[in-house]
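Visitor: Whatever this is, show me its structure:
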Amino acid sequence: MRINLKTFEFVVDFLLVLGLIASFCQFNEVRYLGYAISGMSVYLIYQIEKEIERQRHRARFHRRIYRIIERRLSA
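Guide: Numbers count the residues shown, from 1 in each chain. Alright, predicted model coming up:
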């Protein structure tokens, strides 16, 4: 089963909220687990943003190449 990037971003955001809530817990083990989940979620959000930018760049590149080929074929 494949999930798209938006669904994965939603899951990571949910994990971030869960980690932030767990980091306020009284028990040290749960607090440390909350810190770890929050840190991992922030890293994954950063990676998701980089992937979105890569996809935008790839789409711009393909549009540019398509226009160049279209001009060459019509000329």
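
Visitor: which stretches of the chain form strands?
Guide: Remark: strands of the chain are absent; assignment by DSSP state E.

Visitor: Nearest the geometric middle of the protein, what residue?
Guide: Closest residue to the average C-alpha location of the chain: Ile48 at 1.6 Å, with CA atoms, centre = their mean.

Visitor: That residue reaches Leu5, doesn't it?
Guide: Yes. The criterion here is CB atoms under 8 Å, and Ile48 meets it with Leu5 at 6.5 Å. All C-beta atoms are positioned from the backbone trio N, CA, C, and that covers glycine.

Visitor: Packing partners of the longest helix anywhere in the chain?
Guide: When the chain is parsed with DSSP state H, its longest helix is helix 28-74. If you count contacts as 3 or more CB pairs under 8 Å, 6 or more residues apart in numbering; DSSP states H and E, helix 28-74 packs onto helix 5-23.

Visitor: Could you pull up the mean pLDDT of the helix it packs on?
Guide: Here helix 5-23 scores 95 as its mean pLDDT.

Visitor: what angle sits between it and helix 28-74?
Guide: 160 degrees (axes from the mean of the first three to the mean of the last three CA atoms, to 10 degrees).

Visitor: buried sites along helix 5-23?
Guide: Of the residues in helix 5-23, 9, 12, 15-16, 19, 22-23 count as buried by neighbour count, 16 or more other CB atoms under 10 Å.

Visitor: One more: stretch 35-44?
Guide: 37-38, 41, 44.

Visitor: Same list (these) but as a markdown table, adding distance to Phe61 and pLDDT.
Guide: Output for those, formatted as a markdown table (distance: CB to CB, whole Å; pLDDT from 0 to 100):
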| residue | distance to Phe61 | pLDDT |
| --- | --- | --- |
| Ile37 | 36 | 96 |
| Ser38 | 35 | 96 |
| Ser41 | 30 | 96 |
| Leu44 | 26 | 96 |
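
Visitor: need the contact list for the nearest residue to Leu16 once chain neighbours are set aside.
Guide: By the measure of CB to CB, 6 or more residues apart in numbering, the closest residue to Leu16 outside its immediate chain neighbours is Ser41, 3.7 Å from it. By CB atoms under 8 Å, 6 or more residues apart in numbering, Ser41 lies in contact with 12-13, 15-16, 19.
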